[in-house]
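Following is a predicted model, sequence given first.
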Amino acid sequence: MGPTESLSQHRFVLNNGGGEIPALGFGTSLSDNTKTRNAVKTAVEVGFRHLDAAERYRNEAEVGAALKDLFADGTVRREELFVTTKLWNNNHRPERVRPALQASLNRLGLDAVDLYLVHTPFAFQPGDDQDPRHPDGAVIYDDGVTLAETWGAMENLVDEGLTRAIGLSDIDAKAVRKIVDTARIIPAVVEVEAHPYHPQWELHELHKTHGIVLLAFASLGHALEPRLLDDELIVSIARRLGKTPAQVLLAWGIQRGSAVLTASVTPSRISENFDVTALPESVIREINERLETRVRFNSVADGGVPGFTEVPA
């Protein structure tokens, strides 16, 4: 990739023949759900073609309202969008998987999604409560179902045409390999927190061996401490190249071979984060070799319960 090449239109081929996932996507886990409709419309209007949703975010209906507007006014056609949503932990029992996706489709106003992910590998007590708790506050897990059983139900969704591809989220490489070893349809995508402070190289390598695309959320570090956007090396590179730190971080993710997500409810920031061009390969090496801080911001991988919103407004 040349140093002026736009990355906003780059795509990665999915391993199951389910098409291509845009390298740059817009996440809908937002700091203010009341602004979801306008944020999604702005994102698509500036050029984003991947929307990453989830039942857990509790705003699929607002995403769906935005899509209805965008389709109606001709801004975009359904076939031009790549839409992801996710199965939450209280729906891991095989008999609950299809109804959960159908409910998401109804909220989104779609006949099918392009990608359906198991949001975390943790099964919660089945029922309507997304966050079941014991009186002492501990999560109520469900030991009556395995991830392999849930995955089998996910595979059936592909057979039925309700999703073009399936994948996993908030999971480590060892657990992904266990699914790969027994699956009829291997995961097309694994979505995890990934950025230069938490590069997830082991999961990244699964793209070489199995064609599994790593999809990075928290690409900008979630503005939590230590602030990745304020990292001395990232800031100095941005100044040197005439880019913003966010643009540097998003380009790093795409150029190393992963798809990335970014999100905001601020129109100017949404536009800025879509304007991503390639970095010199020497800069990619500089970040990989010189940036030694290692921090994981999201505790969801420990217990299945999200710990923050996508980004500040």
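Looks like it came in fine.

quick one: residue 80 and residue 47 touch, right?
No - here residue 80 does not reach residue 47: they are 10.7 Å apart, not a contact under CB atoms under 8 Å. (Each C-beta comes from the backbone N, C-alpha and C, glycine too.)

Neighbour count for those two, which is higher?
residue 47 (17 against 10; other CB atoms under 10 Å).

For residue 16, pull up the helix or strand it's in.
Counting by DSSP states H and E, no helix or strand carries residue 16.

Near it, how many other residues are there?
By other CB under 10 Å, neighbour count at residue 16 equals 17.

before we move on, what about residue 263?
Neighbour count of residue 263, defined by other CB under 10 Å: 26.

Then residue 284?
By other CB under 10 Å, 16 other residues sit near residue 284.

Same question for the one 5 residues further on.
With neighbours defined by other CB under 10 Å, the count for residue 289 comes to 8.

Beyond the helix or strand where it lies, next helix or strand please.
Per DSSP H and E, residue 289 falls inside helix 281-290. The C-terminal neighbour of helix 281-290 among helices and strands, as given by DSSP H and E, is helix 300-303.

need the helices for the stretch 201-313 of the chain, in chain order.
201-204, 206-210, 232-241, 245-255, 267-274, 281-290, 300-303 (DSSP state H, counting those that start in this stretch).

looking at the ones you listed, which is buried most?
helix 245-255 (a mean of 25; mean count of other CB atoms under 10 Å).

residues in contact with that helix?
Under the contact criterion CB atoms under 8 Å, 6 or more residues apart in numbering, helix 245-255 has outside partners 1, 7, 10, 23-24, 194-196, 216, 219-221, 228-231, 234-235, 237-238, 241, 243, 259-260, 262, 269, 272-273, 275-279, 281, 283-284, 287.

ok, 7 Å please
Residues outside helix 245-255 that contact it (CB atoms under 7 Å, 6 or more residues apart in numbering): 1, 7, 10, 23-24, 194-196, 216, 219-220, 228-229, 234-235, 237-238, 260, 262, 272-273, 275-279, 284, 287.

Give me the mean pLDDT for the helix holding residue 289.
For helix 281-290, mean pLDDT is 97.

Distance from the chain centre to that helix, please.
24 Å (CA atoms, centre = their mean, to the nearest Å).

cool, and stretch 29-37?
16 Å.

ok, now stretch 141-150?
Stretch 141-150 has its average C-alpha position 23 Å from the chain's average C-alpha position, going by CA atoms, centre = their mean.

Only the buried residues of that stretch, if you could.
Residues 142, 145, 147, 150 are the ones in stretch 141-150 that count as buried (16 or more other CB atoms under 10 Å).

closest to residue 55 among the residues you listed?
Using CB to CB, residue 150 is the member of the buried residues of stretch 141-150 that lies nearest residue 55, at 14.2 Å.

Apart from its chain neighbours, what residue comes closest to the closest one?
residue 92 (4.6 Å; CB to CB, 6 or more residues apart in numbering).

got the contact list for the residue of the chain positioned farthest from its centre?
The C-alpha centroid of the chain is most remote from residue 135, which lies 32.3 Å away (CA atoms, centre = their mean). Neighbouring residues of residue 135 by CB under 7 Å, 6+ apart: there are none.

Ok, the one 5 residues further on next?
Residue 140 makes contact with 124-125, 132-134 under the criterion CB under 7 Å, 6+ apart.
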